[in-house]
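Peer 1: this one's structure only:
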């Protein structure tokens, strides 16, 4: 993905429509949340093991919502001078430290509880 190309297209798109005045960080953050909710809505009431998301019409809706979320996020990052690639790579490093394989493999436990869970498991074994 060429993030710079998309940023430029989004800037031009907003400028041509005189929408820059609406693109505050607050408004864009709200829009990211709203579009994320629209993505969730597609899955609402569906069975966990359902394969409905593979149906063409559903897949097309999912693609649209994912694109909306990403476009708003890129616009937000552009206006707040955030290098998305850099912060994503930094976050992956942080998550590697927070979720070491030996403590987190196969678990959905939040990082702040992993060591506590590990300690209580070892105490039960004693």
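Peer 2: On my side now, so go ahead. Keep in mind that this is a model prediction, so the values were computed, not measured.

Peer 1: hey, let's count contacts and neighbours off CA atoms from now on
Peer 2: Will do.

Peer 1: now do the helices in this structure.
Peer 2: Counting by DSSP state H, residue ranges of the helices within the chain are 3-16, 25-43, 56-79, 84-98, 101-104, 111-125.

Peer 1: of all those, which lies closest to residue 50?
Peer 2: Of all the helices of the chain, it is helix 25-43 that lies closest to residue 50, at 9.7 Å by Cα to Cα.

Peer 1: now the closest one: buried residues?
Peer 2: Counting neighbours by 16 or more other Cα atoms under 10 Å, one finds that the buried residues in helix 25-43 are 28, 31, 32, 35, 36, 38, 39, 42.

Peer 1: what does stretch 58-72 give?
Peer 2: For stretch 58-72, burial by neighbour count (16+ other Cα under 10 Å) applies to 62, 65, 68, 69, 71, 72.

Peer 1: now tell me what touches that stretch from outside.
Peer 2: Contacting residues not belonging to stretch 58-72 are listed as 10, 28, 29, 31, 32, 35, 36, 38, 39, 42, 52, 53 [Cα atoms under 8 Å, 6 or more residues apart in numbering].

Peer 1: at 7 Å instead, please
Peer 2: Here stretch 58-72 makes contact (Cα atoms under 7 Å, 6 or more residues apart in numbering) with 28, 31, 32, 35, 36, 38, 39, 53.

Peer 1: could you check the pLDDT of residue 53?
Peer 2: Residue 53 is assigned 80 on the pLDDT scale.

Peer 1: apart from its chain neighbours, what residue comes closest to it?
Peer 2: residue 59 (5.7 Å; Cα to Cα, 6 or more residues apart in numbering).

Peer 1: picking up where we left off before, mean pLDDT for the helices of the chain: which is lowest?
Peer 2: helix 111-125 (a mean of 69).

Peer 1: how's the protein carved up into domains?
Peer 2: In the domain annotation for the chain, the residue ranges read 1-82, 83-126 (automatic domain parsing).

Peer 1: got the buried residues of helix 25-43 as TSV, with distance to residue 84 columns?
Peer 2: Listed next are these as TSV, based on distance: Cα to Cα, whole Å:
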residue	distance to residue 84
28	16
31	18
32	15
35	19
36	18
38	23
39	21
42	27
